[in-house]
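>>> What shape does this take:
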Amino acid sequence: MSFVRPAQVPRGPVLAPPRVVDLAAGDPITPVWVNEVGGLTFQLGDGDTRRFAKWAPHGRGLDLAGESARLRWAVDHAPVPRVLDEGRDDDAEWLVTAGLPGRSAVDDRWLADPARAVPACGRALRAFHDTVPVDGCPFDWSIEERAAGSTFDTRDAPPIDRLVVCHGDPCVPNTILNDDGSWSGMVDLDALGTADRWADIAVATMSLTWNYGPGWDAPFLEAYGVDDDPARIEFYRSLWNRT
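Okay, here's the model as predicted:
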């Protein structure tokens, strides 16, 4: 099975939309992420006061209002970005959040040291699952919710191992690490919701190869604190790619 990488660091110049220029209010604008369906993320400003602006054209399947709602709920339970602004116009919608300390786990500093970055990401995901409470979570990321309206066959779904509040897009770029390798927080929570923890683990380990190369699943799983479960990993990777 082939896996599609959903987003990446820009490989060339990215023109900031006029709305993002307005949101920057004269601060430097740095493109940091581009989604394959046209969504863009920019850093506004520098240092401790930097913000991040997401901009998404209408009709591309990106729900920034939904992400805002998830962030506003999760910020009381875990280190996630604080929402500063959101809105929409005739062309697109946008979401502005405060920056978190530290760097993405795919910053050059961490790409050069996967032996530390990978276990740090495993510990971070476990901390997120242990910290955010299932009770009272208003968002659902279950198999049934994700497969609704698709042709994905859920009959072979494995039983739930442990119900948690899943990140929903736990690819390692969305983990923020401090320079000492400790967990700073998580970003990009547009699919956050309750599900089996393997829904996150399967995707997080899949993203290790994209970013660090092959052979890093075992250190991640050890740091998270679980034994390998090939059947659950295969099922949830298939669900990710087909829904």
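
>>> What count of nearby residues applies to Gly225?
As a burial measure, Gly225 scores 11 neighbours (other C-beta atoms under 10 Å). All C-beta spots, glycine's among them, are computed from the backbone N, C-alpha and C.

>>> Look at it and report its pLDDT.
pLDDT for Gly225: 98.

>>> Quick check, it in contact with Arg126.
Yes - applying C-beta atoms under 8 Å as the test, Gly225 and Arg126 come out as touching, 5.7 Å apart.

>>> who are the neighbours in contact with Leu62?
Taking C-beta atoms under 8 Å, 6 or more residues apart in numbering, we find Leu62 in contact with Asn35, Val37, Gly38, Gly39, Ala56, Glu93, Asp190.

>>> Report the buried members of these.
Among these, those classed as buried by 16 or more other C-beta atoms under 10 Å are Asn35, Gly39, Ala56, Glu93, Asp190.

>>> Quick check: the farthest pair among the residues you listed?
Across those, no pair lies farther apart than Asn35 and Glu93, at 13.3 Å, counting by C-beta to C-beta.

>>> Need the residues touching each of the two.
In terms of C-beta under 8 Å, 6+ apart, Asn35 and Glu93 are both contacted by the residues Ala56, Leu62.

>>> ok so Ile72 is a helix residue?
You called it Ile, but residue 72 is Arg. Yes - counting by DSSP: H, G, I helix; E, B strand; the rest coil, Arg72 falls inside a helix.

>>> Surely it touches Val83?
Yes - counting by C-beta under 8 Å, Arg72 touches Val83, with 5.7 Å between them.

>>> how would you label Pro133: helix, strand or coil?
State at Pro133, reduced to three classes by three-state DSSP: coil.
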